[in-house]
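>>> Give the three-dimensional model of this entry:
(chains A and B)
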Amino acid sequence: MIRPDKSLLYYPRMPATWWLRKWSYFLFIVREFSSLFIAAYLVLFLVQLYQLGNGAAAYSTFTNSLKSPGWIVFHAVVLVFAVYHSVTWFYTTSIVIPLRIGGKEIPRAAFTAINIAAWIAVSAVVFGLYLLQ
Amino acid sequence: MMGEALPNKKSIEPLWWGLFSAGGVVAAFLVPIHIVLLGLAVPLGWISDAPDIFGHWFVKVYLFVFIAMPLYHWAHRFYFTLSDIGLKSFRKPISFLTYGGAMMGTVITAWILLRL
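Just a heads-up that it's a prediction; the model follows:
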């Protein structure tokens, strides 16, 4: 394989604020940043599990602090990002992995709807198992 | 033709893409209900806390996948996002922080779950 001479190639230069120019660009960056909020939530959840390993007293001190308005707002904000990730992920899946039934591709909207229905079902199962345990 | 020969070496990029997708699926299906349950419903007193559930080995396996996979999703996505918003010249340290962070997170997750 031959790599062309770099000096002959065109490299477009983008200003760092390109994503503020259009609503769709902005939504793209919001979608990308949803992964950061989800990761931050998971780290917080890891701390909760770590405190559980430290004993009942440490655990209840930690879970009591989660009742503060600041953490409630944090979780509400992360939930918005997480739901945005879910919906955009299901839509993207319908484009990347088109579902075919009998050789015919089913419409993207229908595939997205099937994914969202599966998501609601999975959520209900997790919710039910947590309540029943 | 001017240019240089590309070394014919195998890339591990497909691995990162695979982990990115797996993490995206796990996050999409499971993260919202976890936030609703443990981040909102329990702290607000709508339902009672049930930490004993985290002690079961099959719940630990579930939690390992639930936590570790989306970390790789974050790593891959964030790596490219930071490049997109103008930090392209810092790709090396960024890849170290993101992919390295996810790998470290995986080890820490396993350690925290095993000591429960």
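>>> what's the helix or strand for A:Arg129?
If you look again at residue A:129, you'll see it is Leu, not Arg. Taking DSSP states H and E as the criterion, A:Leu129 maps to helix A:108-132.
>>> Can you point out the buried residues in that helix?
A:Phe111, A:Thr112, A:Asn115, A:Trp119, A:Ser123, A:Val126, A:Phe127, A:Tyr130 (16 or more other Cβ atoms under 10 Å in any protein chain shown). In this view, the C-beta of every residue, glycine as well, is placed from N, C-alpha and C.
>>> Keep these, but drop any that are not near chain B.
A:Trp119, A:Ser123, A:Val126, A:Phe127, A:Tyr130 (Cβ under 8 Å from any Cβ of the partner chain).
>>> Quick one: the strands in chain B, in order.
Using DSSP state E, the strands of chain B run over B:3-5.
>>> Spatially central residue in it, please.
By Cα atoms, centre = their mean, chain B has its centre lying nearest to B:Leu71, at 1.1 Å.
>>> Check whether A:Arg3 sits in a helix, strand or coil.
A:Arg3 falls in the strand class when you classify it by DSSP: H, G, I helix; E, B strand; the rest coil.
>>> What count of nearby residues applies to it?
11 (other Cβ atoms under 10 Å in any protein chain shown).
>>> how near is it to A:Gln133?
57 Å (Cβ to Cβ, to the nearest Å).
>>> Give me the below-cutoff pLDDT ranges for chain A.
Applying pLDDT under 70 to chain A flags the ranges A:1.
>>> quick one: the helices in it?
A:23-53, A:56-65, A:69-96, A:108-132 (DSSP state H).
>>> cool, and chain B?
Counting by DSSP H, the helices of chain B are B:13-34, B:57-82, B:91-114.
>>> May I see the buried residues of the last one?
Across helix B:91-114, burial judged by 16+ other Cβ under 10 Å covers B:94-95, B:97-99, B:101-102, B:105-106, B:108-109, B:112-113.
>>> Dump the buried residues of helix A:108-132 into JSON lines; add distance to A:Phe90 as well.
Listed next are the buried residues of helix A:108-132 as JSON lines, based on distance: Cβ to Cβ, whole Å:
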{"residue": "A:Phe111", "distance to A:Phe90": "8"}
{"residue": "A:Thr112", "distance to A:Phe90": "5"}
{"residue": "A:Asn115", "distance to A:Phe90": "4"}
{"residue": "A:Trp119", "distance to A:Phe90": "7"}
{"residue": "A:Ser123", "distance to A:Phe90": "13"}
{"residue": "A:Val126", "distance to A:Phe90": "17"}
{"residue": "A:Phe127", "distance to A:Phe90": "19"}
{"residue": "A:Tyr130", "distance to A:Phe90": "23"}
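>>> which one among the residues you listed gets closest to chain B?
Nearest to chain B, judged by Cβ to the nearest Cβ, of these is A:Ser123 at 3.9 Å.
>>> Find the nearest non-adjacent residue to the closest one, please.
Nearest residue to A:Ser123, sequence neighbours excluded (Cβ to Cβ, 6 or more residues apart in numbering or on different chains): B:Ile33, at 3.9 Å.
>>> Now do the contacts for that neighbour.
Contacts for B:Ile33 (Cβ atoms under 8 Å, 6 or more residues apart in numbering or on different chains) come out as A:Val122, A:Ser123, A:Val126, A:Phe127.
>>> wouldn't A:Trp71 be in contact with B:Leu44 here?
No. Taking contacts as Cβ atoms under 8 Å, A:Trp71 lies outside contact range of B:Leu44: 10.7 Å.
>>> Settle it for me: which of the two has more neighbours?
A:Trp71 (15 against 12).
>>> which residues does that one contact?
A:Ser65, B:Gly39, B:Pro43.
>>> any idea how far A:Leu66 is from the closest residue to the second one other than its chain neighbours?
So that's B:Gly39. Of all residues not flanking B:Gly39 in the chain, A:His75 sits nearest, at 3.3 Å (Cβ to Cβ, 6+ apart). To A:Leu66, A:His75 is 8 Å away according to Cβ to Cβ.
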